[in-house]
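Enquirer: sequence first, predicted coordinates after that:
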Amino acid sequence: MERCEQHILVESIFHTPSNPMQVTLLASSWDWSLQSIYSRVLATRLARFPSLKVTVLVPEFSCSEHAYDKGNARIHGYNIVEAKKQPAFCNPTDWLIFPPKDLSTDIVIGCGEELGQIAQIWKECNQCKNICVASDPRFIPEQFRSELHNLEQSEVNETLC
């Protein structure tokens, strides 16, 4: 996570709060899986920088509590946008290949192999200038992982929200 953040901060040198760098984080779901928690933490951490505008792109229908999830994201300084269902694609994660037309981004972040491949497609199709492929969330440092597992669900909610 830190290497990805450092890369983005170096890229954001020429951006200001009035002209922020557009960062899109790809997420295959928005639930309480380890990958989703990783995405929430990363989005929250990146949103703290005023020269970044952070968007999390998830497959349509991924937000279980749609209004709550999106409102909570706004409180933390980032937006959740949904990629529309693509009838020809059975896997909802593949819908992320087709971002909404009005979504602009300078950097796209894909965590893990599958989302990293989608980020590469975005780069090849000129939908972004740079990509950052972060490590698979299963390889989050043990210290962070054990902290999350030791918390009760309500404590996890409070920690991330």
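Expert: Received it, and whenever you're ready, just let me know what you need.

Enquirer: from the chain's centre, how far out does stretch 78-85 sit?
Expert: Per Cα atoms, centre = their mean, to the nearest Å, the displacement of stretch 78-85 from the mean C-alpha position of its chain is 10 Å.

Enquirer: list the buried ones in that stretch?
Expert: Buried residues in stretch 78-85, counted by 16 or more other Cβ atoms under 10 Å: 78-83. C-beta coordinates here come from the backbone N, C-alpha and C atoms, glycine included.

Enquirer: I'd like to know which of those is nearest to residue 45.
Expert: The nearest member of those to residue 45, counting by Cβ to Cβ, is residue 78 at 10.0 Å.

Enquirer: partners of the top strand by length along the chain in the sheet?
Expert: Ranked by residue count under DSSP state E, the longest strand found in the chain is strand 52-59. Strand 52-59 has the following strand partners under DSSP bridges: strand 21-26 (parallel), strand 78-83 (parallel).

Enquirer: how about TSV for the buried residues of stretch 78-85, with pLDDT and distance to residue 107 added?
Expert: Output for these, formatted as TSV (pLDDT from 0 to 100; distance: Cβ to Cβ, whole Å):
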residue	pLDDT	distance to residue 107
78	96	14
79	95	15
80	95	17
81	94	15
82	94	20
83	95	17
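
Enquirer: circling back to that earlier point, send me the longest strand of the chain as CSV with only the CA atoms.
Expert: Output in CSV follows, covering the C-alpha atoms of strand 52-59 (Å, rounded to 0.1, in the frame of the first residue of the first chain):
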residue,chain,number,x,y,z
LEU,A,52,-6.0,14.0,-5.1
LYS,A,53,-9.6,13.3,-6.1
VAL,A,54,-10.3,9.6,-5.3
THR,A,55,-12.9,7.5,-6.9
VAL,A,56,-13.6,3.8,-6.2
LEU,A,57,-15.1,1.9,-9.2
VAL,A,58,-17.1,-1.2,-8.3
PRO,A,59,-19.4,-3.4,-10.3
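
Enquirer: okay then, goodbye and thanks.
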